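A.B. asks: sequence plus the predicted model coming up.
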Amino acid sequence: MSPAPLVPSTQPAIVAVALAYFAVVVAISVWATRRTRTASDFFVAGHGIGLVALVVASVSTSVSGFAFIGGPGLIYGIGLGAMYIVLPASVTNVMGAWVLAKRMRLLAEARGLITVPDAIGARYRSPAAQGLSGVAILVAIIGYMATNALAMGVVLHSIFGIGMAWGIWLGMGITLAYSVAGGILAGIYVDVFQGTLMAAASVLVFLFVLQVGGGMGGISHAILAHEPAFLGPWGKITPLAALSFFFVFALGSLGQPQGIHKYYMLRDPLQLKWYPLLKTLGLILVLLLYFGVGVGVKSLVARGALAPL
């Protein structure tokens, strides 16, 4: 089944909100540019980021376009089996804070490190390992950035009707501009702004889904009457596929360079004991949309209130 074409928004309020969002991003970039003076400022924000800002930024980058834009469609397509991607989040957060975060932050302070390959080179005393890790990160980040570029293209086209290609170029151009101008400080506080919006929107959308669907009971009854496997413990995929999701994302997420690098930026390493709890709570809020829209749309389709996607 081919997906329905996107219909660009013609509502002035939506366009105005999008333009206001870009204006805030530009303002953050200008502010960060004025505060960025050294390589340490550019790459690790001068080790001056507070715990709450770090957590919100980390939630924003962890979810990103992959789960926030594509996640509801995955739930709609394969059922609750898609939840195994996000279920290990709490385990991953604890392992990240206890196994990596404190050690990397202290190593950076002792050795003046500012990148993830720096830490690998210092830990194993091997320039070869440092170089290979840089190549590995470059290769891996291409796929990650391509997914997020596509998500930006989808969103910008749906708002402005400029086409997917132009949406991708515009989104990547804006991201590149504030990253080059303001360094990681701009990236962190744009992520804080975006993560706050994502959490607020996720909660509001989830409440709307509950209202339209008649609560979780109404949503569940509608789906069970037409496609009971959707709400099964594995969804519409095999147990092996669901468990593969769980372990791939539980362990694989630990190696995300955009997440690991943020450990360098925390002002006080002693605050890391609160990091797993706060990040897990943040992910719960943001991922309400991931779950809610997927099952909500499925229930509307099951009732005949919405055409199949």
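C.D. replies: Good, I have the coordinates.
A.B. asks: by mean pLDDT, point me to the weakest helix or strand of the protein.
C.D. replies: helix 89-95 (a mean of 79; mean pLDDT, DSSP states H and E).
A.B. asks: C-terminal to that helix, what's the next element?
C.D. replies: For helix 89-95, the following helix or strand on the C-terminal side (DSSP states H and E) is helix 102-111.
A.B. asks: what helices or strands is whichever helix in the chain runs longest leaning on?
C.D. replies: Of all the segments assigned as helix in the chain under DSSP state H, the longest by residue count is helix 164-213. In terms of contacts (3 or more Cβ pairs under 8 Å, 6 or more residues apart in numbering; DSSP states H and E), helix 164-213 is packed against helix 12-35, helix 39-44, helix 51-68, helix 127-160, helix 215-226, helix 275-286, helix 288-303. (C-beta placed from N, C-alpha, C; glycine too.)
A.B. asks: what angle do the longest one and helix 164-213 make?
C.D. replies: Looking back up the chat, that one is helix 127-160. Comparing the axes of helix 127-160 and helix 164-213 via axes from the mean of the first three to the mean of the last three Cα atoms, to 10 degrees yields an angle of 70 degrees.
A.B. asks: for helix 127-160, packing partners?
C.D. replies: Helix 127-160 packs on helix 12-35, helix 51-68, helix 116-124, helix 164-213, helix 257-260, going by 3+ Cβ pairs under 8 Å, 6+ apart.
A.B. asks: list the buried residues for that helix?
C.D. replies: 130, 133-134, 137, 144, 148-160 (16 or more other Cβ atoms under 10 Å).
A.B. asks: relative to helix 51-68, how tilted is it?
C.D. replies: 70 degrees.
A.B. asks: got the angle for helix 127-160 vs helix 12-35?
C.D. replies: Using the same axes, to 10 degrees: helix 127-160 against helix 12-35 is 150 degrees.
A.B. asks: check the last one too.
C.D. replies: Relative orientation of helix 288-303 versus helix 12-35 (the same axes, to 10 degrees): 160 degrees.
A.B. asks: now do helix 288-303: distance to the chain's middle.
C.D. replies: Centre-to-centre, helix 288-303 and its host chain are 20 Å apart (Cα atoms, centre = their mean, to the nearest Å).
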